[in-house]
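Trainee: coords please:
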Amino acid sequence: MSYVFLLILLFPVKLIRKLFRKETGKNLVIQTAKIGDFVNATPLLAYLQKSDVLVSRSVGALAKHDETIDEIFFIEQHKRNLWRKLVFACRIMNRYDNVYLLQPNSVNLFFASVCNAKNKQFLSTYTRRWYHGIFYATADGTVEHGRKTLSVTNYLKLADRALSWQDSPKHATKPLFKPATYPAILDKPGVIRIGISVAAGNKAKTVPPVIWKQIADRLADLPCEFYVFGAPNEQSWMDDITRAYGELPNFINLIGKISLEELPWAISKMDCYIASDSGNIYIADAVGVPVVMLFGPCCHYEQRPLGNVLLIGNDENINSYVFETRYYFSQPKEKLFAIDDVDMDNIVSLLTTINKKALPEA
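Mentor: Below you'll find the predicted structure:
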């Protein structure tokens, strides 16, 4: 509610400054969620060609290597206190002709609403509060987003209602940023290089150790190498696997050794990526790597990789959504992420096909 009062406070300023607004041709895209959500916003950024963005600092390493982005604003910097909010609101008030709001929480709604843009398009979600109506009254159009409507398509519809996810591909960085050096082991020949994430930003979506052991055992007959990617604070999840099963063969621990800036290039060296609904799986999808998504409790109808993807899970377990993320579940993770024999056969089939393409003489 406090942002409603801020908008009312600035309303006279907004009206007066609107009299002096000039067309700029500039776009502002607001998406302040984490890595996966940023990657899913890149089709819109590519379609618009050039935009400023209001994003989370956590995706800054990707955004700075994106040629579709002009200026980057970090939400953490501009919502820190009342003074910063007011200064930033006045800064963007007359700056844009088009504003696209993809993450409609209260602070983002406030910043989008204060703009005097001639075209403002807001996503409207199932978590919309009654008092958000005052913000939506400032929009020129809205796109209704449901729990089982694909988020990437609805992001694109903000720019053109006729668009769908097939009309504009994702990217992680544009063009793909290549680091000056990277671990030589990423180019190891004669193996199927499988990237995995043993943790997710939401720890409730973290795949339990028993599932990784099951996958490793079932793939033992294939020449697989498992490359474990993650931030330094995810090492504890790898430690859980080691405590339970010892050092798993063919597991290469790269946790904390690859920066986010280098990550898309590193993941592009993989033949396949296996993970739950995490940022890395969307990076893999964006760089054209086949993906095995263990969706667990997450609604894959709303958000999922869109390239070569094998979905593993049980729809009966779905109860977590993009704008209504759950952090606790009534069922244990071992059941949420359970893999049956049919699922495992499908994973083996995918990797066997990849192996034949990568190793034609095998």
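Trainee: residues touching the residue nearest to residue 50 when sequence neighbours are not counted, list them.
Mentor: Spatial nearest neighbour of residue 50, chain neighbours left out: residue 70 (5.7 Å); criterion: CB to CB, 6 or more residues apart in numbering. All C-beta spots, glycine's among them, are computed from the backbone N, C-alpha and C. Residues near residue 70 by CB atoms under 8 Å, 6 or more residues apart in numbering: 26, 50-52.
Trainee: Redo those as TSV? Include secondary structure and pLDDT.
Mentor: Converted to TSV, the contacts of residue 70 look like this (DSSP: H, G, I helix; E, B strand; the rest coil; pLDDT from 0 to 100):
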residue	secondary structure	pLDDT
26	coil	98
50	coil	98
51	strand	98
52	strand	98
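Trainee: Make TSV out of those and add neighbour count and distance to residue 134.
Mentor: Converted to TSV, these look like this (neighbours: other CB atoms under 10 Å; distance: CB to CB, whole Å):
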residue	neighbour count	distance to residue 134
26	17	25
50	12	31
51	23	26
52	19	25
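Trainee: Looking at those residues, which one is closest to residue 340?
Mentor: Nearest to residue 340, judged by CB to CB, of those is residue 51 at 43.8 Å.
Trainee: Quick check: bridge partners of the closest one?
Mentor: Counting by DSSP bridges, residue 51 forms beta bridges with residue 69.
Trainee: can I assume it is in contact with residue 25?
Mentor: No - between residue 51 and residue 25 there is no contact under CB atoms under 8 Å: 10.9 Å.
Trainee: Count the residues that sit near the closest residue to residue 116 other than its chain neighbours.
Mentor: Spatially, and ignoring its direct neighbours in sequence, residue 116 is nearest to residue 18 (4.5 Å; CB to CB, 6+ apart). Residue 18: 11 surrounding residues under other CB atoms under 10 Å.
Trainee: and the gap between residue 18 and residue 222?
Mentor: The spacing between residue 18 and residue 222, counted by CB to CB, to the nearest Å, is 63 Å.
Trainee: before we move on, what about residue 108?
Mentor: Using CB to CB, residue 108 is found at 45 Å from residue 222.
Trainee: Looking only at neighbour counts, state which of those two leads.
Mentor: residue 108 (23 against 16).
Trainee: Can you tell me the closest non-neighbouring residue to the more buried one?
Mentor: According to CB to CB, 6+ apart, the nearest residue to residue 108 is residue 30 (5.1 Å).
Trainee: For the one you found, list each beta-bridge partner.
Mentor: Beta-bridge pairing of residue 30 under DSSP bridges involves residue 54, residue 101.
Trainee: and what of residue 142?
Mentor: residue 122.
Trainee: Model confidence at it, what's the number?
Mentor: With respect to pLDDT, residue 142 scores 98.
Trainee: returning to that earlier point: dump the contacts of residue 70 into TSV; add distance to residue 81 as well.
Mentor: Shown next, in TSV, are the contacts of residue 70 (distance: CB to CB, whole Å):
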residue	distance to residue 81
26	26
50	31
51	27
52	22
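Trainee: Helices of the stretch 1-150 of the chain, residue ranges please.
Mentor: Using DSSP state H, counting those that start in this stretch, the helices of the stretch 1-150 of the chain run over 2-18, 35-48, 60-63, 75-78, 82-92, 106-114, 133-136.
Trainee: for the ones you listed, which one sits closest to residue 316?
Mentor: helix 35-48 (23.5 Å).
Trainee: Can you give me the neighbour number for the residue nearest to residue 6 when sequence neighbours are not counted?
Mentor: With CB to CB, 6+ apart as the criterion, residue 6 has its nearest non-adjacent residue at 6.0 Å, and that residue is residue 110. Here the number of neighbours of residue 110 (other CB under 10 Å) works out to 21.
Trainee: pretty sure residue 201 contacts residue 281?
Mentor: No - with contact defined as CB under 8 Å, residue 201 does not reach residue 281; the gap is 11.5 Å.
Trainee: Return every residue with contacts to both of the two.
Mentor: Residues touching both residue 201 and residue 281 (CB under 8 Å, 6+ apart) are residue 36.
Trainee: Between these two, point out the one with more neighbours.
Mentor: A direct count of neighbours by other CB under 10 Å for residue 201 and residue 281 places residue 281 higher, at 30 against 20.
Trainee: does that one count as helix, strand or coil?
Mentor: Under DSSP: H, G, I helix; E, B strand; the rest coil, residue 281 falls in the helix class.
Trainee: do the one 4 residues further on as well
Mentor: Per three-state DSSP, the local secondary structure of residue 285 is helix.
Trainee: Who's the closest spatial neighbour of it, skipping the chain neighbours?
Mentor: residue 305 (3.5 Å).
Trainee: Count the neighbours of residue 328 for me.
Mentor: Neighbour count for residue 328, taken as other CB under 10 Å: 5.
Trainee: just residue 334 next, same as before
Mentor: When neighbours are defined as other CB under 10 Å, residue 334 has 12 of them.
Trainee: is it fair to say it lies in a helix?
Mentor: Yes - per three-state DSSP, residue 334 lies within a helix segment.
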